[in-house]
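> Fold the following for me, if possible:
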Amino acid sequence: MTDLAPSAIQGDTLPSPAGGMPLHFVFPQLLSSVGAAGLPRYWTPARDWVLAATVKQEAMWGSAIARTATKFAAHGYTVSDSDDSTRRVAAGQALLKRANGGEGWVIFAQKLLQDLLTTDNGVFIRIRRANDRTERVRAKAAGDNESFVEVTSSSPGGKITGLYHLDSLRCDRTGNLAYPVRYRPVNGAVQLLRWDQVLMYADQPSPRAELFGVGRCAASRAYPTIAKLAAMEQMVYEFLTGGGANKLAFLRGLNDRTLQDIIKAGQADAQMKGFLYYMGTILAAVPSDTDLTLTEVRLKELADGFSPKDERDNAYLIYANAIGVPVQDIQPLSGQGLGTGTQTVILEEAAQGIGLAAFLKWWEQTVSDRVLPATTELQFIDDHDVRDQKARAEVGKIRAETRAAQMASGEISPAMARQLAVDADDLPREFLATDATPGGQLSDDEKPLGEQASQNAAAQLLLASEPTQPPAQQPTVGMKDAAGHTGVM
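Take a look at the predicted model:
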């Protein structure tokens with residue numbers, strides 16, 4: 001066992017005042033205000049625990065997170081290679097399809113989105129390489145107590161064999177460029193992760209140096225509304241079910257014994273000190289010789305003109321803006337107009353550059369640059385977007401017209417046109433007996449092909465089918481052809 005190398009690890013932990021909380025936790029607490037509705041100060045680890053639990057606190061918010069996460073996981077994607085290498089394309093596709101130790105892209109993606117939307121700390125992804133070698137080293141010594149961490153040694157250029165989601169609540173940002181993350185697994189020693197062994201992303205990262213890139217997630221932005229709506233729904237529930245005391249009622253002219261006998265059959269709660277709790281009302285009998293009178297003291301009630309429906313509709317707007325999706329993605333349409341098609345298009349297009357769109361762009365660029373080979377690229381596609389399908393169909397029509405013009409001019413043969421159509425995904429690959437240009441790209445639901453030479457027998461056949469001259473031009477009515485015919489009978 002060796003001491004932790006100061007040249008590599010020094011600075012991964014900031015000095016702590018009197019052995020207390022690290023300075024990068026202390027400064028934000030001193031400078032920030034108390035969180036809304038009981039939310040811990042920004043940023044503390046306790047804050048993310050509260051934010052992550054919001055999906056259980058308020059049903060509408062939990063459903064919005066679930067819909068957004070599943071929609072992201074259902075996104076199609078394409079892995080393409082500029083050199084048309086089927087081997088690299090298949091390897092890139094396999095990394096995503098077998099993410100999280102074989103759980104697959106869908107589960108992996110849903111975990112990422114939940115961390116992104118409900119923790120300020122953000123998303124953390126572990127990169128595994130073929131030559132990883134883990135060892136335990138001593139991080140520091142204090143008296144008789146020793147602390148150990150696990151450090152994985154590997155070449156930054158080693159082959160990547162897997163991507164794994166890391167629990168954001170167990171990841172600490174160190175602020176060290178060489179070792180930016182300290183991960184605390186459920187079992188085993190703390191793991192210190194090098195820059196090339198982890199991908200990290202936070203929504204709206206803070207510009208404050210002491211926070212090391214901690215962001216402000218959707219749950220953080222929407223928390224006042226989440227807390228308000230949760231309280232409203234709890235109050236409505238108690239009114240409907242009789243849970244919780246809503247008012248205090250004093251009955252003059254009736255003794256407590258008589259009152260208890262009257263409602264004993266339907267009373268299920270225990271009495272205390274002469275007070276009786278029944279269906280949301282605390283009843284107290286005051287013995288008196290006067291006529292029976294009732295005096296009520298309201299403990300809680302909804303304000304006059306308060307509309308729960310208006311509050312829910314407003315919450316949907318706030319949730320949609322916080323997440324960065326069109327409101328129609330998370331709000332049911334029952335009981336309201338569908339709106340015009342143009343309105344839906346405008347709302348959809350307006351949401352393209354906010355919230356979740358930034359994470360999609362980061363994911364595409366980061367995976368393409370840091371995970372896949374230099375010539376291989378990842379691109380997301382929305383299989384459920386009808387407008388996108390229409391646009392692709394129109395582009396395919398233009399390509400078909402271009403190929404028809406090329407055949408008419410003698411530039412390419414029909415066999416070449418068919419090959420080009422298959423390469424552009426305008427025709428199924430099964431329409432070719434032998435593919436002359438294998439590789440190129442694979443979508444998430446396609447099977448990889450074996451590596452083939454760029455110049456194969458099929459390509460030779462295509463070249464042999466190349467026309468030597470343009471097809472003969474058909475004569476038009478009234479014009480003489482080479483034989484002197486006018487084309488008119």
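> any chance you could read off phi and psi for the nearest residue in space to residue 201 that is not next to it in sequence?
Once flanking residues are discounted, residue 201 sits nearest to residue 123: 4.7 Å by CB to CB, 6 or more residues apart in numbering. C-beta coordinates here come from the backbone N, C-alpha and C atoms, glycine included. Note on residue 123: backbone dihedrals following degrees, to the nearest 10 are phi -110, psi 140.
> Compute the distance between residue 40 and residue 234, please.
21 Å (CB to CB, to the nearest Å).
> between those two, which one's more packed in?
Under the criterion of other CB atoms under 10 Å, the comparison of residue 40 against residue 234 puts residue 40 first, with 17 against 14.
> Three-state assignment for the more buried one, please.
Look at residue 40: counting by DSSP: H, G, I helix; E, B strand; the rest coil, its state is coil.
> right, and it touches residue 120 too?
No. Using CB atoms under 8 Å, residue 40 is not in contact with residue 120; the gap is 10.6 Å.
> All the strands of the stretch 301-450 of the chain, in order from the start?
Ranges of strands in the stretch 301-450 of the chain, per DSSP state E, counting those that start in this stretch, are 376-381, 441-443.
> Over to the stretch 151-300 of the chain?
Under the criterion DSSP E, counting those that start in this stretch, the stretch 151-300 of the chain contains strands at 160-166, 171-173, 181-183, 190-193, 198-201, 247-252, 275-278, 281-286, 293-298.
> Quick check: the nearest residue in space to residue 316 that is not next to it in sequence vs residue 182, distance?
Nearest residue to residue 316 in three dimensions, chain neighbours excluded: residue 331, at 4.2 Å (CB to CB, 6+ apart). Distance, residue 331 to residue 182, using CB to CB: 40 Å.
> just residue 111 next, same as before
Between residue 111 and residue 182 the computed distance is 20 Å (CB to CB).
> Who has more neighbours out of the two?
residue 111 (22 against 19).
> Now do the same contact list for that one.
100, 165 (CB atoms under 8 Å, 6 or more residues apart in numbering).
> Can you read off the backbone torsions of it?
Per degrees, to the nearest 10, the backbone of residue 111 is at phi -70, psi -40.
> Distance-wise, check it relative to residue 83.
33 Å.
> if we can go back for a sec, hmm, the residue nearest to residue 201 is touching residue 168, no?
Yes. Taking contacts as CB under 8 Å, residue 123 lies within contact range of residue 168: 6.8 Å.
> which residues do these two both contact?
Common neighbours of residue 123 and residue 168 (criterion: CB under 8 Å, 6+ apart): residue 115.
> Correct me if wrong: residue 100 contacts residue 166.
No. In this structure, residue 100 is not within contact of residue 166 by CB under 8 Å, at 10.3 Å.
> Model confidence for the closest residue to residue 194 other than its chain neighbours, exactly?
Excluding its sequence neighbours, the residue lying closest to residue 194 (CB to CB, 6+ apart) is residue 179, at 5.6 Å. According to the prediction, residue 179 has pLDDT 91.
> Phi and psi next, for residue 179.
phi -130, psi 80.
> Same question for residue 325.
Torsion angles at residue 325 (phi, psi; degrees, to the nearest 10) stand at phi -130, psi 160.
> what are the phi and psi angles of residue 74?
phi -80, psi 0.
> Apologies, that question was intended for residue 40.
According to degrees, to the nearest 10, residue 40 has phi -60, psi 160.
> from memory residue 233 sits against residue 61, does it?
No. Here residue 233 does not reach residue 61: they are 10.8 Å apart, not a contact under CB under 8 Å.
> Looking at the two, which is more packed in?
Using other CB under 10 Å as the criterion, residue 233 and residue 61 rank with residue 61 on top: 29 against 17.
> Compute the inter-axis angle for the helix or strand hosting that one and strand 376-381.
For residue 61, the enclosing helix or strand under DSSP states H and E is helix 59-73. If you take axes from the mean of the first three to the mean of the last three CA atoms, to 10 degrees, helix 59-73 sits at 130 degrees to strand 376-381.
> Identify the contacts common to residue 40 and residue 120.
Common neighbours of residue 40 and residue 120 (criterion: CB under 8 Å, 6+ apart): residue 47.
> hmm, back to that, what's the local residue count around the residue nearest to residue 201?
Residues lying near residue 123 (other CB under 10 Å) number 25.
> Could you check how far it is from residue 116?
5 Å.
> shared neighbours of those two, which are they?
Common neighbours of residue 123 and residue 116 (criterion: CB under 8 Å, 6+ apart): 201, 359.
> How about residue 216, nearest residue that isn't a chain neighbour?
Nearest non-adjacent residue to residue 216, counting by CB to CB, 6+ apart: residue 204, 4.6 Å away.
> need the contact list for the one you found.
Neighbouring residues of residue 204 by CB under 8 Å, 6+ apart: 215, 216, 217.
> phi, psi of it?
Torsion angles, degrees, to the nearest 10, at residue 204: phi 50, psi 60.
> Give me the local confidence score for it.
Residue 204 is given a pLDDT of 92.
> just residue 424 next, same as before
On the pLDDT scale, residue 424 gets 82.
> quick one, what contacts it?
Residue 424 neighbours (CB under 8 Å, 6+ apart): 396, 399.
> Can you pick out the residue with more neighbours from residue 100 and residue 166?
Each of residue 100 and residue 166 has its neighbours counted (other CB under 10 Å); residue 166 has more, 22 against 19.
> Now that one: closest residue in space, sequence neighbours ignored.
Closest residue to residue 166 apart from its sequence neighbours, by CB to CB, 6+ apart: residue 124 at 4.0 Å.
> give the contact list for the closest residue to residue 318 other than its chain neighbours.
Closest residue in space to residue 318, ignoring its immediate chain neighbours: residue 225 at 4.7 Å, by CB to CB, 6+ apart. For residue 225, the contact set (CB under 8 Å, 6+ apart) comprises 314, 315, 318, 319.
> picking that back up, neighbour count for the contacts of residue 204 - can I get that in a markdown table?
Output for those, formatted as a markdown table (neighbours: other CB atoms under 10 Å):
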| residue | neighbour count |
| --- | --- |
| 215 | 19 |
| 216 | 16 |
| 217 | 27 |
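> Next, find the distance separating residue 213 from residue 401.
In this view, residue 213 and residue 401 are 50 Å apart by CB to CB.
> who's more crowded, the two?
Comparing residue 213 with residue 401 by neighbour count (other CB under 10 Å), the higher total belongs to residue 213, at 17 against 10.
> for stretch 149-169, what is the average pLDDT?
Stretch 149-169 carries an average pLDDT of 89.
> How far does that stretch stretch from one end to the other?
The first residue of stretch 149-169 is 18 Å away from its last residue (CA to CA, to the nearest Å).
> Over to stretch 172-180?
First-to-last residue span, stretch 172-180, CA to CA: 8 Å.
> What residues sit buried inside that stretch?
When burial is assessed from 16 or more other CB atoms under 10 Å, stretch 172-180 yields the following buried residues: 172, 173, 174, 175, 176, 179, 180.
> separation between residue 227 and residue 234?
11 Å.
> Kindly report the same for residue 205.
Applying CB to CB, the value for residue 205 to residue 234 is 34 Å.
> In contact with residue 58, which residues are there?
Shown in contact with residue 58 (CB under 8 Å, 6+ apart): 226, 227, 229, 230, 233.
> Name the member of the residues you listed that has the highest neighbour count.
residue 226 (27 neighbours).
> Tell me how many other residues crowd residue 187.
Residues lying near residue 187 (other CB under 10 Å) number 4.
> does the residue lying closest to residue 171 once chain neighbours are set aside sit in a helix or strand, and which one?
Residue nearest to residue 171 in three dimensions, not counting chain neighbours: residue 124, with 4.6 Å by CB to CB, 6+ apart. Residue 124 belongs to strand 123-129 when elements are defined using DSSP H and E.
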